[in-house]
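[1] Below is the structure, and that's it, no one-letter string:
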């Protein structure tokens with residue numbers, strides 16, 4: 001069983017609001033062409049989703065499971081993205097995530113980050129998960145703090161959070 005399947009199975013057992021599937025090339029191409037799909041939330045893709053999709057078309061995605069994922073509701077509605085900014089380096093892996101505005105405030109981001117943490121926890125090569133937020137992004141800060149991340153840097157244009165997964 002791979003890490004992705006384990007994370008999905010765990011979330012399903014808890015009646016999760018969301019599940020993750022690897023971001024596919026077909027979705028990236030649809031985003032690049034501006035073609036809306038029937039399973040997309042009305043405000044998907046966000047600017048962040050566009051950035052990730054266009055980048056994925058230009059360069060090879062990180063090796064599984066250190067890739068980008070789609071965040072989908074149980075109904076199959078695509079509401080955002082979450083994933084890794086590459087493979088672990090020095091036992092640290094960085095995550096990023098975003099949920100479209102129409103779906104925020106329901107725990108979807110918390111569940112998506114929790115699924116990423118499950119993947120990281122199962123990997124021997126990961127000891128620490130890193131995430132950053134803008135100082136103005138209070139919702140994202142609450143997600144990270146709720147999941148046990150510690151803010152280690154407040155200076156500059158971003159806050160840096162770390163969580164041990166050993």
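    It's in. On a predicted model such as this, the values are computed, not experimentally measured, just so you know.

[2] Let me know the next secondary structure element after the worst-scoring helix or strand of the chain on mean pLDDT.
    Here the helix or strand of the chain ranked lowest by mean pLDDT, DSSP states H and E is helix 3-13, holding a mean of 40. Sequence-wise, the next helix or strand downstream of helix 3-13 (DSSP states H and E) is strand 18-22.

[3] Could you list every helix and strand in contact with that next one?
    helix 3-13, strand 68-73, helix 108-121 (3 or more Cβ pairs under 8 Å, 6 or more residues apart in numbering; DSSP states H and E). Where C-beta positions appear, they are placed from N, C-alpha and C, glycine not excepted.

[4] What residues sit buried inside it?
    Neighbour-count burial for strand 18-22, counted by 16 or more other Cβ atoms under 10 Å, picks out 18-20.

[5] got those as a markdown table, with pLDDT columns?
    Formatted as a markdown table, these follow (pLDDT from 0 to 100):
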| residue | pLDDT |
| --- | --- |
| 18 | 96 |
| 19 | 96 |
| 20 | 97 |
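
[6] any low-confidence regions in the protein?
    Low-confidence segments of the chain (pLDDT under 70): 1-15, 61, 155.

[7] now the helices for it?
    3-13, 25-33, 47-58, 108-121, 138-146 (DSSP state H).

[8] between these, which gets nearest to residue 71?
    For residue 71, the closest of these is helix 108-121, at 4.7 Å, according to Cβ to Cβ.

[9] Counting by contacts, list what that closest one packs against.
    helix 3-13, strand 18-22, strand 68-73, strand 78-84, strand 92-99, strand 128-133, helix 138-146.

[10] Now do the contacts for the closest residue to residue 104 other than its chain neighbours.
    In space, and not counting its chain neighbours, residue 104 is closest to residue 139: 6.5 Å by Cβ to Cβ, 6 or more residues apart in numbering. With contacts defined as Cβ atoms under 8 Å, 6 or more residues apart in numbering, the neighbours of residue 139 are 104-105, 109.

[11] And residue 43, by the same measure?
    Taking Cβ under 8 Å, 6+ apart, we find residue 43 in contact with 100-102.

[12] what's the closest non-adjacent residue to it?
    Closest residue to residue 43 apart from its sequence neighbours, by Cβ to Cβ, 6+ apart: residue 100 at 4.5 Å.

[13] now residue 149
    residue 161 (4.0 Å).

[14] Could you double-check that the one you found sits in contact with residue 133?
    Yes. Residue 161 is within contact range of residue 133, at 7.2 Å (criterion: Cβ atoms under 8 Å).
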